[in-house]
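S.K.: Structure for the following, please:
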Amino acid sequence: MKYFLIIFLFFSLSLKATTIHVGKKYAIKSVKRGISLAKVGDTVIVHSGWYKEGNIIIDKKIVFLGKDLPVLDGEKKHEVLSIHADSVIVDGFKVIRSAYATITDPCGIKVYNKSHVLIQNNVLDDNFFGIYLQNSQNCIIKNNTLKAYGKEEQKLGNGIHCWKSKDILIIANRIDGHRDGIYFEFVTNSVIWRNIANNNIRYGLHFMFSNDDAYITNVFKNNGAGVAVMFTKNVKMFNNYFEENWGDSAYGLLLKEISDSYIFNNRFAQNTSGIYMEGTSRIKVEKNVFKSNGWGMKIQASCMDNEIVNNNFLKNTFDISTNGSLVLNTFNANYWDKYEGYDLNKDGMGDVPYHPLSLFAVLTENTPSAMLLYRSFMITLLDKSEKVLPSITPDNFIDNKPLMKSLPL
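M.R.: Numbering: from 1, shown residues only. You can find the predicted model right below:
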């Protein structure tokens, strides 16, 4: 009987819901007027046009649809669209030119302490912050395009910014030219999937104090640095591309003070450093490709109990580097293209252990200017002798079962 009552109430509400049209050809010309006339459950359709109405506030559960990409223009004076109700849908708008302010963080679209909000199929252009979720839950941000044009980090907000939220889905968005493409702070149980973050000033993706999240099948290309995961635990990082993140202190992936996480089946190509690890513990790095980076991985001496297994290291200047002699991490069954050993029993694993840490990598870690000697005959000779009789590089920095062929990743 209870289910029949729920179905009856649903159809009753559906029958009462109305559609309000806003546009030049309709009786209602103002977006704000259309929203004010709407009741809970109604749909407001805004037709193509250029709407300069200051801060537009949605304070009731409605479906807010744009037809033919109507423009909501903040004129560099206002936050454009503010959502103060649960279960709002925003779909199909071009949201441009929000105000700039470092204290109030005005946005193209901002959700204030609400849940079950869906923001999809929008274009956000030249805003301070693009889409901002504040203390929200069970929200979806899907298939939006976000672009900003600032050149300095201090004058830009983030593309998609989530603060103190949970159960968030960030799916198939394109973010370009912001400070951070996607930013999570105190966000839990959330998924970032199939996004493309290119040309952002600082990071393509930035995690702070955000546990039990996953980011899967994203592309982070040509950012100040690809991804930074800091002060966090239990993060899953699967099937992502970290490419062309170049700079003096750039990397594909920065891990700082994180633990109990899993890095699986990612591709790190043409970064200054593929992965930079500092203060990490119990991280498993498995079945990734490190190709044509300056450093494949930089693992600082503060890292412990990390496992690097079944990865391909191809055409990197240095495969591995560290800043100390204490080694508390495990390398096992990786493929190293610089390995020159043999496999007499034909089991696919080298009979001679491999020391991936070269003498020159240790020297340049302590004296960066030594890179001037790279590819010189003397350095080649020193590296060869160090592999035969290790004296400076740690003895236990070693892969006991190096693979003879690269893995088909």
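S.K.: Can you list the residue ranges for helices in the chain?
M.R.: Using DSSP state H, the helices assigned to the chain run over residues 2-16, 31-37, 359-366, 377-388.
S.K.: and those, which one's lowest on average pLDDT?
M.R.: Per-segment mean pLDDT for the helices of the chain reaches its minimum on helix 2-16, at a mean of 46.
S.K.: residues near residue 212, how many?
M.R.: The local packing of residue 212 (other C-beta atoms under 10 Å) involves 15 other residues. Quick note: C-beta positions are derived from backbone N, CA and C, even for glycine.
S.K.: Quick check: it vs residue 101, distance?
M.R.: 32 Å (C-beta to C-beta, to the nearest Å).
S.K.: so where's this protein uncertain?
M.R.: Along the chain, segments meeting pLDDT under 70 span 1-16, 325-326, 358-396.
S.K.: Could you point out the longest strand of it?
M.R.: Longest strand in the chain, counting residues (DSSP state E): strand 253-264.
S.K.: Torsion angles phi and psi at residue 88?
M.R.: With angles defined as degrees, to the nearest 10, residue 88 sits at phi -90, psi 140.
S.K.: residue contacts, it?
M.R.: 58, 61, 62, 63, 64, 114, 117, 118 (C-beta atoms under 8 Å, 6 or more residues apart in numbering).
S.K.: okay, now the last one: neighbour count?
M.R.: Looking back up the chat, that one is residue 118. Neighbours around residue 118, by other C-beta under 10 Å: 17.
S.K.: isn't it right next to residue 142, touching?
M.R.: Yes: in this structure residue 118 lies within contact range of residue 142 using C-beta atoms under 8 Å: 7.3 Å.
S.K.: buried sites along the longest strand of the chain?
M.R.: Going by neighbour count (16 or more other C-beta atoms under 10 Å), the buried part of strand 253-264 is 253, 254, 255, 256, 258, 259, 260, 261, 263, 264.
S.K.: Show me which pair in those residues is furthest apart.
M.R.: 256 and 264 (19.8 Å; C-beta to C-beta).
S.K.: quick revisit: contacts for the longest strand of the chain, please.
M.R.: By C-beta under 8 Å, 6+ apart, strand 253-264 touches 225-239, 242, 266, 268, 274-288.
S.K.: and what of stretch 116-126?
M.R.: Contacting residues not belonging to stretch 116-126 are listed as 66, 69, 83, 86-97, 108-109, 111, 130-131, 133, 136, 138-149, 159 [C-beta under 8 Å, 6+ apart].
S.K.: cool, stretch 71-83 as well?
M.R.: Residues outside stretch 71-83 that contact it (C-beta under 8 Å, 6+ apart): 31, 49-58, 90, 93-100, 104, 106-112, 114, 117, 127.
S.K.: Give the buried residues for it.
M.R.: For stretch 71-83, a neighbour-count test (16+ other C-beta under 10 Å) marks 71, 72, 73, 74, 78, 79, 80, 81, 82, 83 as buried.
S.K.: separation between the fourth one and residue 176?
M.R.: If I follow you right, that is residue 74. 19 Å.
S.K.: And the buried ones among the contacts of stretch 71-83, selectable in ChimeraX?
M.R.: ChimeraX command restricting these to the buried ones, with burial defined by 16+ other C-beta under 10 Å:
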select :31,49,51,53,55,56,57,58,90,93,94,95,96,97,98,99,100,106,107,108,109,110,111,112,114,117,127
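S.K.: How about residue 242: what's its closest non-neighbour residue?
M.R.: Computed as C-beta to C-beta, 6 or more residues apart in numbering, the closest residue to residue 242 that is not its neighbour in sequence is residue 252, at 3.1 Å.
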